[in-house]
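Engineer: Sequence first, predicted model second:
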Amino acid sequence: MNILDSVKNLTKDNGAVKSLRDLLVLTNFVDESLEQFFTFVQNVQNGQKLGWTGEMEDVGWAGAPCNPTYKDVTVQAAEKTWDIGQWSVPLKWCYEDFMNTIAEYALKTGTDIGDLTSTEIMDVIIYPALDLAIKRMFWRFIWFGDKEAQNVSTGQITDGVDVELFKPCNGFWKQLFAIGAANTGQRVNIAANSEASTAAQLSGIKTANVAIGIFDSLLENADPRIAAMEGAAIYCTKSLGDALTKDLKREYKEILTWEQIFKGLDVTEYNGVMVYRVSIWDRFIQKYQNNGTKLNLPHRAIYGSPKQLFVGSPANQIISDLEIWFNQDERVTKAYSAGRLGCLIGEDNLFQLAY
């Protein structure tokens, strides 16, 4: 349901609400802070390289003779290429869409009736909803982006959802799944994801010792360098975090306490490692990766550092300015924002995955 359809549900002359500011805001999910989960790189151009150097080969040999033999050694180096895609948000609203609704009270009068700027319609209804939608747009691009996205008959996107919503760039999940497929040692298999129905998937993860086994395997099989990295943590779907909480209580009578560090994000500690529940992943999987029978990998986790998850843009900020204006020729109010964006995984072997 879009903004206009929602407003049309509000009865005019209902005898109670005389101002849009009197309306109660429907309860929204509170999203996690976007920047908590990656490193932003400014002024990046398409095709530009992201490179880094690593360790030198082993040195130090037995003996110290005269006229020693000098050896060549190498230093590890690698690079990846930025693939920057374009996105845009072109929107428009006509005042006639608000006639015979409660929002009619907020329209300007006379010649200016078509101008929705500086009205309660814009300030109370449209702008707050649009601001939230744009923030969630970036969550969708960065984590679920897929330049080859297709609906469930040939892909993973829920039927009826526009696949163009995912195509500006290849997001982190697509790249991480490719890493897991190329190196099975970096993947912990979650059997519940393969169940035949959504109900079975959601119940399967709650089986005794399943969640504990997943988290233990993540930590035991990971590259030891991950633990020493700044910000290293396990980031998981809420379904998986909740299953761990239930598992520990049932098997060991241990109460896993989740602390809300700010609205929408809670964290706990497991075996000395910080664990973050990322509930927006669950909501996106349920909404965008649902074939009507089951969900696409509803339980997921990453053990790694945001310092190895890069989001790049030619601009110096990730969210572009939003322009809102009244078009006098067309007599409609328009909004527009656009930008360019790309995602890159740093060193492939510095992530341990569960899905």
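Structural biologist: Structure received.
Engineer: hmm, who's touching the one helix or strand residue 213 maps to?
Structural biologist: Per DSSP states H and E: residue 213 is located in helix 210-221. Outside helix 210-221, the residues within contact range by C-beta atoms under 8 Å, 6 or more residues apart in numbering are 185-186, 188, 190-192, 204-205, 234, 240, 243-244, 246-248, 251, 270-271, 273, 275, 301, 303, 352, 354. Backbone N, C-alpha and C define where each C-beta goes, glycine included.
Engineer: now the residues you listed: which count as buried?
Structural biologist: By neighbour count, with 16 or more other C-beta atoms under 10 Å, these hold 186, 188, 190, 192, 204-205, 234, 240, 243-244, 247-248, 270, 273, 275, 301, 303, 352, 354 as buried.
Engineer: List the strands paired with the helix or strand following the helix holding residue 213, with their directions.
Structural biologist: Next in sequence after helix 210-221, counting helices and strands by DSSP H and E, comes strand 233-236. Strand pairing for strand 233-236, determined by DSSP bridges: strand 273-277 (parallel), strand 301-304 (antiparallel).
Engineer: could you point out which element follows strand 233-236?
Structural biologist: Counting by DSSP H and E, what follows strand 233-236 is helix 238-252.
Engineer: Dump the helix or strand following that next one to PDB, restricted to CA.
Structural biologist: Next in sequence after helix 238-252, counting helices and strands by DSSP H and E, comes strand 259-262. What follows is strand 259-262 as a C-alpha-only set of coordinates in PDB (Å, rounded to 0.1, in the frame of the first residue of the first chain):
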ATOM      1  CA  GLU A 259      21.600  -5.200  25.700                       C
ATOM      2  CA  GLN A 260      20.100  -2.600  23.600                       C
ATOM      3  CA  ILE A 261      22.900  -0.200  22.700                       C
ATOM      4  CA  PHE A 262      20.600   2.000  20.700                       C
END
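Engineer: Other residues contacting the following helix or strand past strand 259-262?
Structural biologist: Using DSSP H and E, the next helix or strand after strand 259-262 towards the C-terminus is strand 265-270. Contact with strand 265-270 is made by 32-33, 36, 215, 233-234, 241, 244, 256-261, 274-278, as judged by C-beta under 8 Å, 6+ apart.
Engineer: residue ranges with poor pLDDT in this protein?
Structural biologist: 1-33, 262-264 (pLDDT under 70).
Engineer: hang on, the earlier thing: quick check: angle from the helix holding residue 213 to strand 273-277?
Structural biologist: Angle, helix 210-221 to strand 273-277, by axes from the mean of the first three to the mean of the last three C-alpha atoms, to 10 degrees: 130 degrees.
Engineer: buried sites along helix 210-221?
Structural biologist: Within helix 210-221, the residues scored as buried using 16+ other C-beta under 10 Å are 210-212, 214-215, 217-219.
Engineer: Next, give phi and psi for the closest residue to residue 240 other than its chain neighbours.
Structural biologist: Spatial nearest neighbour of residue 240, chain neighbours left out: residue 299 (4.6 Å); criterion: C-beta to C-beta, 6 or more residues apart in numbering. Main-chain torsions, residue 299, degrees, to the nearest 10: phi -110, psi 120.
Engineer: give me the number of residues near residue 299?
Structural biologist: 28 (other C-beta atoms under 10 Å).
Engineer: what ranges do the helices span in the chain?
Structural biologist: 3-8, 120, 127-144, 172-182, 198-204, 210-221, 238-252, 279-288 (DSSP state H).
Engineer: what about residue 344, neighbour count?
Structural biologist: Residue 344 has 22 nearby residues by other C-beta under 10 Å.
Engineer: what are the bridge partners for it, then?
Structural biologist: Here residue 344 sits in beta bridges with residue 310, going by DSSP bridges.
Engineer: thought it was touching residue 80?
Structural biologist: Yes - with contact defined as C-beta atoms under 8 Å, residue 344 reaches residue 80; the gap is 5.4 Å.
Engineer: shared neighbours, the two?
Structural biologist: With C-beta under 8 Å, 6+ apart as the test, residue 344 and residue 80 both reach residue 50.
Engineer: on that earlier part again, relative to residue 225, which of the strands paired with strand 233-236 is closest?
Structural biologist: strand 301-304 (10.3 Å; C-beta to C-beta).
Engineer: mind checking how far the closest one is from the chain centre?
Structural biologist: 14 Å (C-alpha atoms, centre = their mean, to the nearest Å).
Engineer: what's next to it, contact-wise?
Structural biologist: With C-beta under 8 Å, 6+ apart, strand 301-304 has contacts from 176, 188, 214-215, 218-219, 222, 226, 229, 232-237, 240, 273, 350-355.
Engineer: okay, that strand in CSV with CA atoms only?
Structural biologist: The C-alpha coordinates for strand 301-304 follow below in CSV (Å, rounded to 0.1, in the frame of the first residue of the first chain):
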residue,chain,number,x,y,z
ALA,A,301,25.4,-15.3,10.4
ILE,A,302,28.7,-13.6,9.6
TYR,A,303,31.8,-13.7,11.8
GLY,A,304,34.1,-10.8,10.6
